[in-house]
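Enquirer: next input, structure requested:
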Amino acid sequence: QVQLVESGGGLVQAGGSLRLSCAASGRTFSRSRYTMGWFRQAPGKEREFVAGINWSGANTYCTDSVKGRFTISRDNAKNTVYLQMNSLKPGDTAVYYCAATRLWNTTQVQDFGSWGQGTQVTVSS
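Expert: Take a look at the predicted model:
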């Protein structure tokens, strides 16, 4: 079982930056090679994939709408995953979730078995 806790959300003006953190814990997390992902869900919309990173941090992938603006990274010594968000737009407003999976290179919500509670990001115009 993996527990995930997100932090770092808030209100920012368009063009600004935020860094989200996801702290992971649990008996299996350190031993297992989890791929970590960030998703987001805006009001009235389905949860969508944002970015993913493999267990070592050597490989990442992200959705086209955030390429060049968002960067996912991880510090396995701290069991923490980050999402650096730059050049934020009002369309980035959503609740952001951290999630874990044993699969690689998947963007599907159903493939991620562990989820955090989410952190709100609001971008004003």
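
Enquirer: how about the strands in this protein?
Expert: Counting by DSSP state E, the chain has strands at residues 3-7, 10-13, 18-25, 35-41, 48-53, 60-62, 70-75, 80-85, 94-101, 114-115, 119-124.

Enquirer: surely L103 and T35 touch.
Expert: Yes. Judged on Cβ atoms under 8 Å, L103 makes contact with T35 at a distance of 6.3 Å. Placement of C-beta: from N, CA and C, glycine included.

Enquirer: contact partners for the residue nearest to the spatial centre of the chain?
Expert: Among the residues of the chain, the one closest to the centroid is W38, at 2.2 Å (Cα atoms, centre = their mean). If you count contacts by Cβ atoms under 8 Å, 6 or more residues apart in numbering, W38 has them with 20, 22, 49-52, 72, 81, 83, 96-99.

Enquirer: now with 7 Å?
Expert: W38 makes contacts with 50-51, 72, 83, 96, 98, as judged by Cβ atoms under 7 Å, 6 or more residues apart in numbering.

Enquirer: again, but for S124
Expert: Counted by Cβ under 7 Å, 6+ apart, S124 has contacts 11, 13-14.

Enquirer: can you check R47 too?
Expert: Counting by Cβ under 7 Å, 6+ apart, the residues that R47 touches are 39, 41, 109.
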